[in-house]
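Enquirer: Here is my input, please return the structure:
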Amino acid sequence: MYSSEYHEHTLAGPAICAGVGIHTGARVRLSIRPSASGTGIVFVRSDVHDRDNRIPATAASVTQTTLGTVITNAEGVSVSTIEHIMAALAALGIDNAVIELDGPEVPIMDGSAQPFVQLLDRAGFRRQDLPQQVIEVLEPVIVTEGDKSAALYPCDRFEVRFEIVYDSKAVGHQIVDLEITEDSFRQELASARTFGFVHEVEALRARGLARGGSLENAVVIDGDDVMNPEGLRYDNECVRHKALDAVGDLYVLGMPLKARFVGIKAGHSLNNALVRALLERPEAYRLVTRAPALAAVG
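Expert: Here you go, the predicted model:
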């Protein structure tokens, strides 16, 4: 669907899941539902009744990127940790959907995007009448912060290259470089889990965060060792998860990308800075309405 269809898509029906927020530790019920063409991705806080509870997943809505991507509306209603479900929506080609949840944080599930891919598969997909638009990057856009960087380059498809370096032997120097299609996302990125180090988890819990984090929803590293008894799902699972995050963070642009993303030691903050840098340079991109190539005549 991601590469072969030229119209917007939504879901064929609703699907529901439940889990805990990795930072709040609170149980959250989430449902994803079809919506009309042109809606985009909209989160709805069903537990908020005294003000506007709809938060569009747009670049302008992103208000925090420290431990995940947080979106907030004008009334101050927010939803955090949206990146994994956003990555699944992007890769499976869902343009329009309403995501209802009864808490402030998307459930972490197993720490990857795989449960959300399964949720979308259960709902099914429906083609809509409106042709799909794509953001085509025309000039390089680069943001840096010390030795970290995130960039978008012109490309005739959507590619992601990510590189990380950690002192821990459990991670070390890892690189992933992929064309992002529905198939490649399902096979190479979707099941890669979020990761963290024991000393970081302890510091976060001292601040009242990471209350829902466990070996069931994150890869936890202690020095040079992976603490999860089952080990890693890929030898380079950590960098694959960083690439997954980037796919989700970039989807606040509201449409697919025709570009090559290159991230070096980047995270949610630089990913969002890159989105904003792109939008601030209208000469660096154009919107293209997707259409099938016409066969030559004559």
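
Enquirer: Mind telling me what element F261 is part of?
Expert: Using DSSP states H and E, the element containing F261 is strand 257-264.

Enquirer: what does E139 give?
Expert: Here E139, judged by DSSP H and E, is contained in no helix and no strand.

Enquirer: Distance of the spatially closest residue to it that is not a sequence neighbour relative to P56?
Expert: Nearest in space to E139, with sequence neighbours left out and distances taken as CB to CB, 6 or more residues apart in numbering, is A284 at 4.3 Å. Glycine gets a C-beta too; all of them are placed from N, C-alpha and C. Applying CB to CB, to the nearest Å, the value for A284 to P56 is 23 Å.

Enquirer: Counting neighbours, go ahead and name the busier of these two.
Expert: A284 (18 against 15; other CB atoms under 10 Å).

Enquirer: Do you know the pLDDT at that one?
Expert: In this prediction, A284 carries a pLDDT score of 98.

Enquirer: That one against I135, yeah?
Expert: No - here A284 does not reach I135: they are 10.0 Å apart, not a contact under CB atoms under 8 Å.

Enquirer: shared neighbours of these two, which are they?
Expert: Shared contacts of A284 and I135, defined by CB atoms under 8 Å, 6 or more residues apart in numbering, are found at L278.

Enquirer: And what about the most centrally placed residue in the chain, helix, strand or coil?
Expert: The residue lying closest to the centre of the chain (CA atoms, centre = their mean) is G248, at 1.6 Å. For G248, the assignment made with DSSP: H, G, I helix; E, B strand; the rest coil gives helix.

Enquirer: quick one: it from M86, how far?
Expert: G248 is 4 Å from M86, by CB to CB.

Enquirer: again, but for C17
Expert: Shown here: C17 relative to M86, a distance of 15 Å by CB to CB.

Enquirer: And R126, by the same measure?
Expert: 20 Å.

Enquirer: between these two, which one's more packed in?
Expert: When neighbours are counted by other CB under 10 Å, R126 and M86 differ, and M86 comes out ahead with 26 against 14.

Enquirer: Hmm, G254 and that one touching each other?
Expert: No - counting by CB under 8 Å, M86 does not reach G254; the two are 10.7 Å apart.

Enquirer: what touches both of those two?
Expert: With CB under 8 Å, 6+ apart as the test, M86 and G254 both reach I41, A57.

Enquirer: picking that back up, let me see the mean pLDDT of the helix or strand following the strand holding F261.
Expert: Counting by DSSP H and E, the next helix or strand C-terminal to strand 257-264 is helix 268-279. Here helix 268-279 scores 98 as its mean pLDDT.

Enquirer: go on, stretch 123-143?
Expert: Mean predicted confidence for stretch 123-143 is 97.

Enquirer: how long is that stretch end to end?
Expert: Using CA to CA, to the nearest Å, the end-to-end distance of stretch 123-143 comes out at 37 Å.

Enquirer: where's it relative to the chain centroid, distance-wise?
Expert: 14 Å (CA atoms, centre = their mean, to the nearest Å).

Enquirer: Stretch 120-136 too?
Expert: The answer for stretch 120-136 is 17 Å, by CA atoms, centre = their mean.

Enquirer: buried ones in it?
Expert: For stretch 120-136, the neighbour count (16 or more other CB atoms under 10 Å) marks L120, A123, F125, Q128, Q132, V134, I135, E136 as buried.

Enquirer: Could I get the phi/psi values of the fourth one?
Expert: Dihedral angles phi and psi of Q128 (degrees, to the nearest 10) take the values phi -110, psi 170.

Enquirer: I figured it hits H9, correct?
Expert: Yes - contact criterion CB under 8 Å: Q128 and H9 qualify, at 6.3 Å.

Enquirer: can you list residues touching both of those two?
Expert: D95, N96.

Enquirer: which stretches of the protein form helices?
Expert: Along the chain, the stretches classed as helices by DSSP state H are 83-91, 114-123, 182-184, 198-206, 237-250, 268-279.

Enquirer: orientation of the last one relative to helix 237-250 in degrees?
Expert: Here the directions of helix 268-279 and helix 237-250 differ by 40 degrees (axes from the mean of the first three to the mean of the last three CA atoms, to 10 degrees).
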